[in-house]
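[1] Here's a sequence, model it:
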Amino acid sequence: MAPITTQSDESNHMALLDKLDMNKIHKPFRNPNWKPPQRRNKTVKQIIAEAQRKEASMLNTQNNSGATTPQPAGSGAHGSLNPNATQENQDLSRLVVEKNLRAANGPAVTYTGIAAAPSLKPKQRYCDITGLPAKYTDPKTGLRYCNKEVYAIIKTLGTGQVQEYLAARGANTVLK
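    This next block holds a predicted model:
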């Protein structure tokens, strides 16, 4: 705020505003020749749509190519026994092209499949008694436990009970 003096008038006020204006301060960190990039990033939806369009155009090209030209009647493996031989040839060539496209591009991106790469995180270990995250493993029984109270319970278990806990976890071992 401008100091109030006896000579405060509009011109003093405007001079102070010009002096404190942030836009008039020289900013040497800005490059005067900088322009925003022209290329913008695509969303996953756009990438998938382009891949599907490309695949569809490849299939249409294959369906219209000379590779699927109908054979004259009486020639080929089927001869005149099957009147739909040309249709079978087209379907077979389309299936071959689809298989080759899938092999070249890797697995198709689908949101309904559960196939995924293996996790890079270490497998989480849980207490066999409580189900809480377990930090410790009993060397004698192989049971995992989370604290000393659970360890005291594990010490009182019999061999049959220990085997049942291990079987529930899928770590069936024979204890001596």
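
[2] Mind checking the pLDDT average for the helix or strand containing Val97?
    Element membership for Val97, per DSSP states H and E: helix 85-105. The average pLDDT within helix 85-105 is 70.

[3] Tell me the helix or strand right after it.
    Per DSSP H and E, the first helix or strand lying C-terminal to helix 85-105 is strand 136-137.

[4] Within its sheet, name the partner strands of that following strand and how each one runs.
    Applying DSSP bridges, strand 136-137 is found paired with strand 144-145 (antiparallel).

[5] so what's the nearest residue to Arg169 once chain neighbours are set aside up against?
    Using CB to CB, 6 or more residues apart in numbering and skipping residues adjacent in sequence, the residue nearest Arg169 is Asp128, 5.9 Å away. Where C-beta positions appear, they are placed from N, C-alpha and C, glycine not excepted. Residues counted as contacts of Asp128 (CB atoms under 8 Å, 6 or more residues apart in numbering) are Ala134, Leu143, Arg144, Tyr145, Tyr165, Leu166, Ala168, Arg169.

[6] Would you confirm that Pro133 contacts Gln124?
    Yes. With contact defined as CB atoms under 8 Å, Pro133 reaches Gln124; the gap is 6.8 Å.

[7] Dump the contacts of Asp128 to TSV, plus neighbour count and pLDDT.
    As requested, the contacts of Asp128 are arranged in TSV below (neighbours: other CB atoms under 10 Å; pLDDT from 0 to 100):
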residue	neighbour count	pLDDT
Ala134	19	95
Leu143	23	93
Arg144	23	94
Tyr145	22	95
Tyr165	17	91
Leu166	18	91
Ala168	10	90
Arg169	13	88
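
[8] Arrange those in CSV, one row each, with distance to Lys27 as further columns.
    Formatted as CSV, the contacts of Asp128 follow (distance: CB to CB, whole Å):
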residue, distance to Lys27
Ala134, 57
Leu143, 66
Arg144, 60
Tyr145, 62
Tyr165, 68
Leu166, 68
Ala168, 67
Arg169, 63
